[in-house]
Every structure is written in C-alpha cells, then in structure tokens.
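Chemist: Sharing a model prediction with you, sequence too.
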Amino acid sequence: MKLQSHGIETDLPPGWEGRIGLRTTPSADTRSIGDASEVPHPIVHLANFALPEQRGDFGSGAVDLMGADDVLVVLFEYGPECANTALFQRQGIPANLTPSMFSSSALQRTLPGQAGCQIFFTENGRAFCSYTVLGRQSSARRVLPQANDTLSRTRIAPR
Amino acid sequence: MTAVVVLLGLVVAVLTLLVVGMLRSHAEILKRLHQLGAGLDPDGPSQPASPAPTPVTSREDFQVMPQVPAPPDREEFGGAADLVGVSPGGNEALSVRITGVEHDTIVAFLSSGCITCQKFWDAFAKPRKLKLPSGTRLVIVTKGVDGESPSSVASLAPGGFPTVMTTQAFTDYDVPGSPYFVYVHGPSGRVRGEGTGPDWDQVSSLLSQATVDAGLVTSLDGQQVAKPDADAEREARIDRELYAAGVAPGDASLYSVEASGPVDHEHDHDHDHDHDHDHDHDHDDHDDHDPPA
C-alpha cells in the first residue's frame, strides 16, 4: 500500500497504515504549540494498528491505544537550517533498529511497559527525527523487524 | 330374517357410499399433488403444472426511497480493499487498513452534496451516540478531489473518525451511490454486510443484523459434532478395501448403478408393464439369475 506526499514516499507492509501530512500551524483555534509564524513541515505517522485521528506530533493520543505488539513510527521534519548539523549528522533513514536502542526514558510520554527510540538524521538535505515507540519493550525482538521493514521501504526526496 | 337381510343391505350400501367418497377424495388429493409437481414417478414431469411465482431478483423490482441509492445489481457482496487517499483538507496523504486487521470496519460512503448524507455527517459528529459495535472502526469515504470539493468535505468531516477522499474506493467496493455502508470483517477481509438507509438508526440496525447473522454462522460452525471414531474407522476400512480391489477414488463404478453387482430379480415377469422404463435386460435370461434369498 503506497503512500506519498510532501516528498516522502512509503510502501507499507501488510497490517500497517499511515499518514503523511503537515504539522498543524499554531493558532488560536488549534492546541499546537509553537510559533504562529513558523513554516509547517511534514510529519509521518506509520503504525501497525489503527491510528486515531487526534494525534500529537510525536504520537500522543496514539500511544495510549497501543497493545503489546503495536509499533508507532514517527518521522518529524525540522527546518532546512538543521540539515547536516551536529545533531543531524547521521545520514539516511535508520532502518536497523535493535532492542538495545529502546528505553522507557526515551519516551515523550512515559507509559508502563512502553519503550522508545529517537534518532536524528539527514536525508537528501532534509533534517528529520525518527521516533519509534513499542507497545511493550519485551516485544521488541518480535516486532522490530516489522518496523525496520517499514522504514526501509520509506524514501525521502530532496526538496 | 328378512329384516336382518334388509339391514345388512343398508349397511353395505352405506359403506359403499363411504368408500366411494373416500376414493374420490383420494383422487382429488393426488390430482392436486400432481399439479404441484410432487410424485414418485422419476420420469414424470418435474415442473409444476402452474407457473411458480417469479422471485424478486431484478434491480427494477426493488422500490427504494428516492433519497437512497438502489442496491447494486449483483447477488454477492462486493470486495473489500484498503483505503488510500487524501484527507479532507487535501494536505495529508493517508492510508487506512481495512483487511488483515483485528478490528472490523464500517466504511461509510458519503458525499458533501446529497441531502440524506447530511443526516449522517451530523450523526458522525456525535460519536458517543452512534453506539458502534465494540471493536469496530468507522471510516468515512468520499470521492476524491476529482469528484468532491475538499473544502466542503473538510467542513463536514468529523474530527473523531478518519475521512478519506478516494474515488478508487467507490469502484473497489462497487458502491451504487451515496450514502452507502459496507461492514468488513477485519481478520478475513470479507464483507459481512452492506446497504443503506435514510438515517443512522436504520443503517446501524441493518449492520447489527449482519453482524449477528455472521456471528450465528460462526457459532454454528463451532457446534458441529465430530464424527464418531467408529464411523471414521469404518469409512477408512471401506476405502482401503475398495482401493485394494482396484476401485480408486473417482472410479466410475462408484457412481453408476448399472456397474454395481448382480441384482436379484424376484418379480414376476408375466405381469403387465403399465409404465415405461428402460430396462435393457433380457427377460428370457431370468433363469440365470441368482435365486431369491
């Protein structure tokens, strides 16, 4: 199942669904934090469970619904000025996640049993953060191959 | 003595009348049964004498409310497919998995223009009142930007449910028009029910019925009694013996009466045959037949 928008393309494996959209611009009507003058950048949410419509940038609202074998992958793009800087010096989408990379302390919102992994990288001159959440840390060895497969099927085109 | 003879004569006359009446009644019953196509004669006419009522199967025979589309002209449910399209605002690409998932999905095909659809848009804005079956996800589908106004759909789309703008889904699900609803069983990806109605209450009732029916079939499957071991062993033994005798599965002799063993003919060949049958045996050879047991 192919999904393409904003220069990002992915071919989701069976059981996965996704969204590729723009970050909601902060305004009086929205609850998004940030500067109202900011330029919205793409956000990708990929999951092997049914994504709820009300989601935060890093998956709040979705992580609350995750089961033991559920995985959420977030690709959050930063401004072009961040590309290839020290934090984003890693090149390419990380598609070889291992269980040792995950920790409950890496979660944006700590939930019992869950674990997260955050990696910053640059791909084709675009700066991203890859944020992956496991519904249960002990399931990492079983579900991470799915997440790596999904990430390896994702392409980011230059702007 | 004369009185007794007269009395007996009267009794016989009354009984004769009763027998004649019963025979006439019996003949009338047989005549009616014959008209209905029932009978023991395998070579007789199998079709009833009077035409059977025509079943309502054609699209033109259905009368639906003018606000709702007529059912599709097919006998089986349509197919199910995952959804790929854009969000109502048009700035987000989204995919929604329908098949091969644990949960079931109600796919609601709506449009921004139809009057009946407005009732559903309003109903979907209040998720708690929908009373969706547990473990069931509601997904709204409109036609893509080639057939709908993204801004119109955005103003109607509820925040609590995914809304996918995709014209392809209307083709995949063979949707006759809007509003239309398809209930998909997630694990199997099969359509359990589909249809439409003037409001959510009616559609919900229709889909609930489909769910109950499907659940009933599943429960009946689970209640099937296993064949007793003795029967299974007997069947296996017969299969082995047939195979040893050169009768393999699919052998013509298993399906032909004429190819089976000799038949004892113990009927009298001197009687008159008042029915047609195609026996091609030689009546003169009856002396060669095995004697009746």
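Modeler: Arrived safely.

Chemist: what secondary structure does the residue in chain A positioned nearest to chain B sit in?
Modeler: Proximity of chain A to chain B (C-beta to the nearest C-beta) peaks at A:Gly21, 3.1 Å away. No exception for glycine: its C-beta is placed from N, CA and C like everyone else's. Assigned with DSSP: H, G, I helix; E, B strand; the rest coil, A:Gly21 falls in the strand class.

Chemist: who touches A:Phe120 in this structure?
Modeler: For A:Phe120, the contact set (C-beta atoms under 8 Å, 6 or more residues apart in numbering or on different chains) comprises A:Leu87, A:Phe88, A:Arg90, A:Ala127, A:Phe128, A:Cys129, A:Ser130.

Chemist: Next to chain A, which bits of chain B? Give me the list.
Modeler: B:82, B:84, B:86-87, B:91-97, B:100-101, B:103, B:137, B:159-162 (C-beta under 8 Å from any C-beta of the partner chain).

Chemist: interface residues of chain A facing chain B?
Modeler: So chain A meets chain B at A:1-6, A:12, A:14-22, A:50-51, A:53-54 (C-beta under 8 Å from any C-beta).

Chemist: Now, of these, which are buried?
Modeler: A:1, A:3, A:5-6, A:12, A:15-22, A:50-51, A:53 (16 or more other C-beta atoms under 10 Å in any protein chain shown).

Chemist: Looks like the residue of chain A closest to chain B contacts B:Gly90 (just checking).
Modeler: No: A:Gly21 is not in contact with B:Gly90 according to C-beta atoms under 8 Å; the separation is 10.2 Å.

Chemist: Tell me where the model's unsure across chain B.
Modeler: B:33-68, B:70-71, B:75, B:212-229, B:257-293 (pLDDT under 70).

Chemist: Tell me which stretches of it form helices.
Modeler: Assigned helices in chain B, in chain order: B:2-35, B:115-124, B:150-156, B:167-172, B:200-222, B:229-244 (criterion: DSSP state H).

Chemist: So A:Val133: helix, strand or coil?
Modeler: Three-state assignment for A:Val133 (three-state DSSP): strand.

Chemist: Got the confidence number for it?
Modeler: A:Val133 carries a pLDDT value of 97.

Chemist: that older thread, is it possible to get CSV of the helices of chain B that adds mean neighbour count?
Modeler: Listed next are these as CSV, based on neighbours: other C-beta atoms under 10 Å in any protein chain shown:
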stretch, mean neighbour count
helix B:2-35, 10
helix B:115-124, 18
helix B:150-156, 17
helix B:167-172, 18
helix B:200-222, 14
helix B:229-244, 10
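
Chemist: Can you add distance to B:Glu76 and give those back as a markdown table?
Modeler: Converted to a markdown table, the helices of chain B look like this (distance: least, C-beta to C-beta, whole Å):
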| stretch | distance to B:Glu76 |
| --- | --- |
| helix B:2-35 | 35 |
| helix B:115-124 | 25 |
| helix B:150-156 | 31 |
| helix B:167-172 | 15 |
| helix B:200-222 | 14 |
| helix B:229-244 | 34 |
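
Chemist: quick one: which of these is nearest B:Tyr183?
Modeler: helix B:200-222 (4.8 Å; C-beta to C-beta).

Chemist: excluding its backbone neighbours, what's nearest A:Asp70?
Modeler: A:Gly135 (3.8 Å; C-beta to C-beta, 6 or more residues apart in numbering or on different chains).

Chemist: shouldn't that neighbour be in contact with A:Leu111?
Modeler: No: with contact defined as C-beta under 8 Å, A:Gly135 and A:Leu111 do not form a contacting pair (9.0 Å).

Chemist: Please report how far the residue in the stretch 1-150 of chain B positioned nearest to chain A lies from B:Val203.
Modeler: Nearest residue of the stretch 1-150 of chain B to chain A: B:Glu92, at 3.1 Å (C-beta to the nearest C-beta). Distance, B:Glu92 to B:Val203, by C-beta to C-beta, to the nearest Å: 27 Å.
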